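1. Next one to model:
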Amino acid sequence: MNVDKDSLAEQARLREAEAEAERIRQEVEGAVSDPATQEEWIRQSNLVYGGLAAAGLVVVQPFLTEDSLDPAAMVCVVAFAVSIPLLAALLVLNRQEAFRRRASKSPFVGVAKAVAQGSAFVGITAAFWHISLVAGIVFLTMGFVAVGVHSSGFVQLEYDSKFRSRFRRGKSPGE
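-> Sure, this is the predicted structure:
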């Protein structure tokens, strides 16, 4: 008898959790489809893509006149050979997205964003590595710390405490 009550209570908790998960999913979808949110993402993307492309052009210039490149310099040049054209294409696409006031949902564009940003990060890291092993390691480490800083700040700004509290595991009534 006690097992049946526990089973029924567990099923009720599961149904409540599923309903709450669906409500949160709908809330997140609503936020993502908000035109103002998409316009802000487009503005931020322009800043990132433009900055990375400019950094790439500046970093690669000294290597243009070199007869031979050490491995770090070669990685830098190849990484920016990948990222600069993609970043330029993404900047042009962002103009169209801004005009239409919505972001592209193409998976191909998503892959291009990841490749462009990733290869630019590799290129900058390799450039620092070319100058100094220590500088390369420090840049790489601080790049990962910076992602954590941005993520933490983003969550604090975008989700109020009521929204975040839904994800904390609370004690069940019997504890």
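2. Return the distance of stretch 61-80 from the chain's centre.
-> Here the centre of stretch 61-80 is set off from its chain's centre by 27 Å, with C-alpha atoms, centre = their mean, to the nearest Å.
3. what comes into contact with that stretch?
-> Contacting residues not belonging to stretch 61-80 are listed as 56-57, 59-60, 119-120, 122-124, 126-127, 129-130, 136 [C-beta atoms under 8 Å, 6 or more residues apart in numbering]. No exception for glycine: its C-beta is placed from N, CA and C like everyone else's.
4. what's the closest of those to E40?
-> A120 (21.6 Å; C-beta to C-beta).
5. picking that back up, among the contacts of stretch 61-80, which are located in strands?
-> Counting by DSSP state E, those place none of their members in strands.
6. Distance to R43, neighbour count and pLDDT added to the residues you listed, as a markdown table?
-> Rendered in a markdown table, the data for the contacts of stretch 61-80 read as follows (distance: C-beta to C-beta, whole Å; neighbours: other C-beta atoms under 10 Å; pLDDT from 0 to 100):
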| residue | distance to R43 | neighbour count | pLDDT |
| --- | --- | --- | --- |
| G56 | 21 | 25 | 94 |
| L57 | 22 | 11 | 94 |
| V59 | 25 | 21 | 94 |
| V60 | 26 | 18 | 94 |
| S119 | 23 | 22 | 97 |
| A120 | 19 | 25 | 96 |
| V122 | 25 | 19 | 96 |
| G123 | 24 | 25 | 96 |
| I124 | 22 | 22 | 96 |
| A126 | 29 | 25 | 96 |
| A127 | 27 | 26 | 95 |
| W129 | 32 | 22 | 95 |
| H130 | 33 | 22 | 95 |
| G136 | 31 | 18 | 94 |
